[in-house]
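# Just to be clear, the model below is a prediction. Sequence and coordinates:
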Amino acid sequence: MPWFVYIIACNDGSFYTGISNNPAARIAAHNAGKGAKYTKGRGPVVLKALFEFETRREAMKEEYRIKQLDKTRKMKLFNV
């Protein structure tokens with residue numbers, strides 16, 4: 001089963017990066033206020049980027065790498 005790294009834009013203009021093996025359900029959870037603590041009160045969220053990986057470990061490594069980027073560099077990932 002593939003794993004995904006996703007970047008979502010929050011209603012306040014910030015970005016959140018996470019991983020999931022079911023990104024559609026995870027984004028629905030974020031929009032329902034049941035996702036990550038960070039996204040509560042910042043919805044609705046909009047999917048900006050989705051990257052697929054074979055393993056959870058690979059997805060976690062990429063999630064960490066993306067979270068280290070500043071906002072401008074994150075935007076370059078989906079404004080190609």
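Noted; the coordinates are in hand. Numbering: from 1, shown residues only.

# Hmm, residue 31 and residue 40 touching each other?
No - counting by CB atoms under 8 Å, residue 40 does not reach residue 31; the two are 10.7 Å apart. No exception for glycine: its C-beta is placed from N, CA and C like everyone else's.

# low pLDDT regions in the protein?
In the predicted model, the chain carries pLDDT under 70 at residues 80.

# how about 80 then?
79-80 (pLDDT under 80).

# All the helices of this protein, residue numbers only.
23-31, 56-67, 71-78 (DSSP state H).

# Between residue 40 and residue 31, tell me which one has more neighbours.
More neighbours surround residue 31 than the other of residue 40 and residue 31, with 15 against 12 (other CB atoms under 10 Å).

# Quick one: residues contacting that one.
Applying CB atoms under 8 Å, 6 or more residues apart in numbering to residue 31 gives the contacts 43-45.

# could I get the residues you listed as TSV with distance to residue 36 and neighbour count?
Below are the contacts of residue 31 laid out as TSV (distance: CB to CB, whole Å; neighbours: other CB atoms under 10 Å):
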residue	distance to residue 36	neighbour count
43	11	17
44	14	14
45	10	22
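
# give me the number of residues near residue 58?
16.

# what bridges to the nearest residue to it once chain neighbours are set aside?
Using CB to CB, 6 or more residues apart in numbering and skipping the chain neighbours, the partner closest in space to residue 58 is residue 3 (7.1 Å). Assessed by DSSP bridges, residue 3 has beta-bridge partners residue 53.

# Residue 3 - how many residues pack around it?
Residue 3, neighbours per other CB under 10 Å, totals 21.

# quick one: contacts for it?
Residue 3 makes contact with 19-21, 52-56, 58-59, according to CB under 8 Å, 6+ apart.

# before we move on, what about residue 35?
Residue 35 makes contact with 18, 26-27, 29, 45, according to CB under 8 Å, 6+ apart.
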